[in-house]
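Peer 1: A predicted structure for the sequence below; I have some questions about it.
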Amino acid sequence: MNNSDQNYVKWFRNAAPYINAHRGKTVVLMFGGEAVLHPNFSNIIHDISLLRSLGVKLVVVHGARPQIADRMAQRHIDEVLENNIRVTDADTLSAVKDATGSLRLHIEALLTTGLANSPMHGSQIRVSTGNFVIAKPMGVRDGVDFKYTGTVRRIDADGINMQLNYGSIVLLSPIGYSPTGEVFNLALEDVAAQTAIALQADKLITFTEAEGLLDEVGELIKSCSVRRVGTLLDEKDCHVRQLLLRAIIQSGENGVERCHCVSYQSDTALLQELFTRDGAGTLIAKDHKEQLLVATIDDVAGILELLAPLEAEGVLVKRSRELLEVEIDQFFVLKKEDVIVACAALYPYPDAKMGEVACVAIHPDYRSGNRGARLMAELEHEAKQQQLTAIFVLTTVSGHWFQEQGFIEQSMNKLPEGKQKMYNFQRKSKVFFKDI
């Protein structure tokens, strides 16, 4: 086996975890009419076929802005824009139907290609289209009647999922239908975002001319949070970029775990982004993965800030910065984007084979999501590592929560001797134990 073959095998092995991670997941792909016109579009189609063969459930949403503009020019129809939104009268709607219909058929034909010696040989892809997008008129805004320009009212998620479960790729055009039988011209970004949200898709992948999202100085952003995307919004930017950023933000804020932005000009970007560690575009996470870590001296300020409100209420005994610095190795912290959102400490009593749970605190904005239970599980694991057989906690207000975690109220006489001597009879804390 030559070096080239060996490198391929190594790459394939390294890609295996990513392939397994995407199998059975629902992905919405969004590209504009500009991507269809680019010479690289055939490679994108081949990669879409490959994704489907790897078990990914795909919804493809295409745009048609340049194609619509071309049809309107051929018919000598003047384009009317208000606030960068096309006003769709009856003549314009006819051009929209022509352009989107022709483009949809073109994409369907490409996805059906299965010639020998082509990347799609033997793929046998089924493409499903239909009235999955229910629309409503944009109406009159600031005195302007947008006529047949509309917005998404509802996505037929059940209908789309039925086709996905049959193994079909669902192809959506920027067209919507109303219960009254009207047709509306929609923004590609609106259709894609609303579809991803309705399906609770695992990913929304957008194709742009650039490598991905660029920062203020034009450098590629490899990964960021949805919050960071919001800072990129600039009313001076072109309207299409604003629509793209808003679609990503809306998707991320409404349940779509990951968004990716890749270039339609690169023949490897899509697969690189999904199946390699470094990717090729921009990954936008709904929120960065929270990390549960042993605290360090750098975390003292964050822990103090988290504990301060509870200490002020008398829920926790006040700890000085100096004491916390000395005891920092006993603490575990849960971090989100380098901000401490929860903490807890374990103080071992090795002679008694017990450990004290203390300073359990969760930021008010993060008290859902079982973060407390996650912290307790980590403390129990640490206690077992230290060969302790039980953990205990003294609390004045959180007894019920600890009981839900498996603790049982006991007499203070069961506390280790050293802890008994330190018991504060004025606080009258209740004592809870848990065998581990």
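Peer 2: That came in fine, so what should we check first?
Peer 1: need the helices for the stretch 251-400 of the chain, in chain order.
Peer 2: In chain order, the stretch 251-400 of the chain shows helices spanning 269-275, 300-313, 321-327, 371-385, 399-404, with DSSP state H, counting those that start in this stretch as the criterion.
Peer 1: Please identify the most buried of those helices.
Peer 2: helix 269-275 (a mean of 22; mean count of other Cβ atoms under 10 Å). No exception for glycine: its C-beta is placed from N, CA and C like everyone else's.
Peer 1: thinking again about what came up before, for the helices of the stretch 251-400 of the chain, give me TSV that also has mean pLDDT and distance to residue 241.
Peer 2: Shown next, in TSV, are the helices of the stretch 251-400 of the chain (pLDDT from 0 to 100; distance: least, Cβ to Cβ, whole Å):
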stretch	mean pLDDT	distance to residue 241
helix 269-275	87	18
helix 300-313	88	36
helix 321-327	91	46
helix 371-385	89	36
helix 399-404	90	47
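Peer 1: Double-check residue 434 against residue 384; I have them as touching.
Peer 2: No - contact criterion Cβ atoms under 8 Å: residue 434 and residue 384 do not qualify, at 12.0 Å.
Peer 1: Indicate which one of the helices of the stretch 251-400 of the chain is closest to residue 54.
Peer 2: Among the helices of the stretch 251-400 of the chain, helix 269-275 comes nearest to residue 54, with 9.1 Å by Cβ to Cβ.
Peer 1: what's that closest one packed up against?
Peer 2: Using 3 or more Cβ pairs under 8 Å, 6 or more residues apart in numbering; DSSP states H and E, the elements in contact with helix 269-275 are helix 3-22, helix 41-53, strand 258-263.
Peer 1: what's the shortest one packed up against?
Peer 2: Contact here means 3+ Cβ pairs under 8 Å, 6+ apart; on that basis strand 258-263 packs against strand 203-208, helix 239-253, helix 269-275, strand 282-285.
Peer 1: Tell me which strands it pairs with, and in which orientation.
Peer 2: Using DSSP bridges, the strands paired with strand 258-263 in its sheet are strand 203-208 (parallel), strand 282-285 (antiparallel).
Peer 1: Adding mean pLDDT, write the ones you listed out as CSV.
Peer 2: CSV is the format used below for those (pLDDT from 0 to 100):
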stretch, mean pLDDT
strand 203-208, 95
strand 282-285, 88
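Peer 1: Of the ones you listed, flag the one that's most buried.
Peer 2: Compared across these, strand 203-208 shows the largest average neighbour count, a mean of 26 (mean count of other Cβ under 10 Å).
Peer 1: Let me know the distance separating residue 96 from residue 79.
Peer 2: From residue 96 across to residue 79, the span is 12 Å (Cβ to Cβ, to the nearest Å).
Peer 1: Have a look at the two and say which one is more surrounded.
Peer 2: The neighbour comparison of residue 96 against residue 79 (other Cβ atoms under 10 Å) goes to residue 96, with 26 against 12.
Peer 1: tell me the SS of that one?
Peer 2: Three-state call for residue 96 (DSSP: H, G, I helix; E, B strand; the rest coil): helix.
Peer 1: Next up, the contacts around it.
Peer 2: By Cβ atoms under 8 Å, 6 or more residues apart in numbering, the contact list for residue 96 reads 64, 68, 71, 88, 148, 175, 185.
Peer 1: run the last query once more with 7 Å
Peer 2: Residue 96 makes contact with 68, 88, 185, according to Cβ atoms under 7 Å, 6 or more residues apart in numbering.
Peer 1: what does residue 423 give?
Peer 2: So residue 423 contacts 412, 415 (Cβ under 7 Å, 6+ apart).
Peer 1: One more: residue 15?
Peer 2: By Cβ under 7 Å, 6+ apart, residue 15 lies in contact with residue 275.
Peer 1: what about residue 370, how many residues close to it?
Peer 2: Residue 370 - counted by other Cβ under 10 Å - has 10 other residues nearby.
Peer 1: And the strands in the stretch 51-200 of the chain?
Peer 2: Secondary structure of the stretch 51-200 of the chain (DSSP state E, counting those that start in this stretch): strands located at 57-62, 81-82, 85-86, 127-128, 133-137, 140-141, 144-145, 150-155, 169-172, 175-177, 183-185.
Peer 1: Can you work out which other helices and strands pack against the fourth one?
Peer 2: Identification of packing neighbours for strand 127-128 by 3 or more Cβ pairs under 7 Å, 6 or more residues apart in numbering; DSSP states H and E yields helix 90-112, strand 169-172.
Peer 1: strands paired with the shortest one, and their directions?
Peer 2: Next to strand 169-172 in the sheet, as set by DSSP bridges, lie strand 57-62 (parallel), strand 127-128 (parallel).
Peer 1: what's the least confident stretch among these?
Peer 2: The stretch with the lowest mean pLDDT among these is strand 127-128, at a mean of 90.
Peer 1: Identify the residues contacting that one?
Peer 2: If you take Cβ under 7 Å, 6+ apart as the criterion, strand 127-128 is touched by 108, 111, 112, 163, 168, 169, 170, 171.
Peer 1: picking that back up, so which of the helices and strands packed on strand 258-263 is nearest residue 143?
Peer 2: For those, distance to residue 143 was read as Cβ to Cβ. The smallest value, 20.1 Å, belongs to helix 239-253.
Peer 1: and the angle from the closest one to strand 203-208?
Peer 2: Orientation note: helix 239-253 sits at an angle of 170 degrees relative to strand 203-208 (axes from the mean of the first three to the mean of the last three Cα atoms, to 10 degrees).
Peer 1: Mean confidence (pLDDT) on helix 239-253, please.
Peer 2: 91.
Peer 1: where does the protein have low pLDDT?
Peer 2: When residues are selected by pLDDT under 70, those of the chain lie in 1-3, 5, 8, 114-123, 287-289.
Peer 1: In it, which residue is most central in space?
Peer 2: Closest to where the C-alpha atoms of the chain average out (Cα atoms, centre = their mean) is residue 257, at 2.1 Å.
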